[in-house]
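J.: Task: produce atomic coordinates for the following.
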Amino acid sequence: MTLVKTLAGCAGAFALVTGTAMADDLRWRMPTAFSTNLPGLGSPAAWVADNLTTASDGSIEVRVYEPGELIPAFDILQSVSDGKVQAGYTWIGYDQGKVPAVPLFAAVPFGLKPWAFTGWYYYGGGHEMLQEVYANKGFDVHAQLCGIIGPETAGWYAQEIDSLDDYEGLKIRFAGLGGKVLERLGASVTMMPGGELFQALEKGTIDATEFSMPAIDQILGFDQVVNYNLFPGWHQPFTAQYMLINQEEWDGASEAQKALVEASCTAAVTRGLAEGEYKNGEVLAGFQEEGVNAQQIPREVLEELKAVTDEVLAEEAANDEDFRRVYESQQAFQESYSVWDSRAYLPADLTAPEGGEE
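T.: Alright, predicted model coming up:
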């Protein structure tokens, strides 16, 4: 009798640890918007899928599909909401036409640094507001922050950008709210997946493009086509990726299974940021050695860009109530955070090794 009780107790404990108690195993298909070989941007999707299988002892299995393999990269939100797939991994700013407020959770021009954004998201009500934003627009998804990287570059160009006038008539791929800013400056802004950009640049379909940080842009080969790389990435100080899960699937998961998804995605946020920060310096130095012109936007031009950005964000807030309340929440946090941010961190030139680039 004692042996029976012991075995029963062990089985119960094992069930609690693995999340299998009172819950069916989860078998999810998860298309991605980014190739999983892209560091910090696509790689977290593969890591999360592997980690969930291991941590759940097989209770959760997520099969990852590369961009376009199962559904088009820009169709992930609708497909997850409709239940065509159980989950998806994407940059939710692609859906600003359907859900105007979501770019605020994806990348905000002149917005928060990546670690500050996570502070607002986890502790300032951002996660809860994102669920409300989707529900208010009729989408049946649970959204989980599941990756983040630091600033992108401000784009790759065939010719030097000297002033905002140079954007007039420029055919450029530019995403999210930053794209709306460039449209205001007279640029012809288009959107296309990352895998199509090299050929579009090479054939002249577009004159310029932004996509991501140096470690990713190198893989996509932009430096082989155009020679001017602009900094800083004013339009995306952070870039956040999310795991979208069909609401019915999420509601049917056990509390233990949900906790594993949340924990795995939170870990992926740290790992994605770490991977990008580790790789970007070496890649950027290599670009410069190969003759790429890493051009810094002058302070006065950045101030002009910020003025246009403020106009665009104010208009978006006036047109959508969700945008307004999320934007106001972020702005309030950004104001208080700046008190800390302006005093706490050493200037970059004082942390560089002697002889290193400032």
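
J.: Could you tell me the end-to-end distance of stretch 55-68?
T.: End-to-end distance for stretch 55-68: 28 Å, by Cα to Cα, to the nearest Å.

J.: Can you give me the buried ones in stretch 117-125?
T.: 117-118, 120-121, 124 (16 or more other Cβ atoms under 10 Å). All C-beta spots, glycine's among them, are computed from the backbone N, C-alpha and C.

J.: as a whole number, average confidence for that stretch?
T.: Rounded to a whole number, the mean pLDDT of stretch 117-125 is 98.

J.: in this protein, which spans are strands?
T.: Under the criterion DSSP state E, the chain carries strands at the ranges 26-31, 60-65, 87-90, 141-149, 156-157, 171-173, 188-190, 208-209, 228-231, 239-246, 293-296.

J.: Most tightly packed of those?
T.: Among the strands of the chain, strand 87-90 has the highest mean neighbour count (mean count of other Cβ atoms under 10 Å), at a mean of 30.

J.: Show the secondary-structure elements that that strand is packed against.
T.: strand 26-31, helix 43-55, helix 76-82, strand 239-246 (3 or more Cβ pairs under 8 Å, 6 or more residues apart in numbering; DSSP states H and E).

J.: what angle do the shortest one and strand 60-65 make?
T.: Between the axes of strand 26-31 and strand 60-65, defined by axes from the mean of the first three to the mean of the last three Cα atoms, to 10 degrees, the angle is 20 degrees.

J.: so how far is strand 26-31 off the chain centroid?
T.: 20 Å (Cα atoms, centre = their mean, to the nearest Å).

J.: I figured residue 80 hits residue 92, correct?
T.: No. With contacts counted by Cβ atoms under 8 Å, residue 80 stays clear of residue 92, the gap being 10.9 Å.

J.: list the contacts for the closest residue to residue 304 other than its chain neighbours?
T.: Sequence neighbours aside, residue 164 is the residue nearest to residue 304 in space, at 5.7 Å (criterion: Cβ to Cβ, 6 or more residues apart in numbering). Residues near residue 164 by Cβ atoms under 8 Å, 6 or more residues apart in numbering: 185, 301, 304-305, 308.

J.: any weak-confidence spans in the stretch 201-350 of the chain?
T.: Scanning the stretch 201-350 of the chain for pLDDT under 70 picks out nothing.

J.: What residue, apart from its backbone neighbours, is nearest the residue nearest to the spatial centre of the chain spatially?
T.: Taking Cα atoms, centre = their mean, the centroid of the chain lies closest to residue 240, which sits 2.4 Å from it. Nearest non-adjacent residue to residue 240, counting by Cβ to Cβ, 6+ apart: residue 148, 4.8 Å away.

J.: any idea how far residue 336 is from the one you found?
T.: Noted for residue 148: a distance of 21 Å to residue 336, by Cβ to Cβ, to the nearest Å.

J.: likewise residue 256?
T.: Applying Cβ to Cβ to residue 256 and residue 336 gives a distance of 36 Å.

J.: Can you report how many residues neighbour residue 192?
T.: Residue 192 sits with 17 neighbouring residues when counted by other Cβ atoms under 10 Å.

J.: Please name every helix or strand in contact with the lengthiest helix in the chain.
T.: Counting residues, the longest helix found in the chain (DSSP state H) is helix 255-289. In terms of contacts (3+ Cβ pairs under 8 Å, 6+ apart), helix 255-289 is packed against helix 43-55, strand 60-65, helix 114-123, strand 141-149, helix 214-220, strand 239-246, strand 293-296.

J.: contacting residues for residue 309?
T.: Counted by Cβ under 8 Å, 6+ apart, residue 309 has contacts 109-110, 177, 181, 234.

J.: Dump those to CSV, plus neighbour count and distance to residue 36.
T.: Formatted as CSV, the contacts of residue 309 follow (neighbours: other Cβ atoms under 10 Å; distance: Cβ to Cβ, whole Å):
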residue, neighbour count, distance to residue 36
109, 23, 28
110, 17, 30
177, 24, 26
181, 26, 30
234, 21, 28
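
J.: farthest pair in these?
T.: Within the contacts of residue 309, two members stand farthest from each other by Cβ to Cβ: 177 and 234, at 10.9 Å.

J.: shared neighbours, those two?
T.: Contacts common to residue 177 and residue 234, judged by Cβ under 8 Å, 6+ apart, are 109, 309.

J.: Relative to residue 187, how far out is the residue nearest to residue 240?
T.: 27 Å.

J.: try residue 167
T.: Distance of residue 167 to residue 187, given as Cβ to Cβ: 4 Å.

J.: Tell me how many other residues crowd the closest residue to residue 152 other than its chain neighbours.
T.: Of all residues not flanking residue 152 in the chain, residue 233 sits nearest, at 3.9 Å (Cβ to Cβ, 6+ apart). Residue 233 has 22 neighbouring residues, counting by other Cβ under 10 Å.
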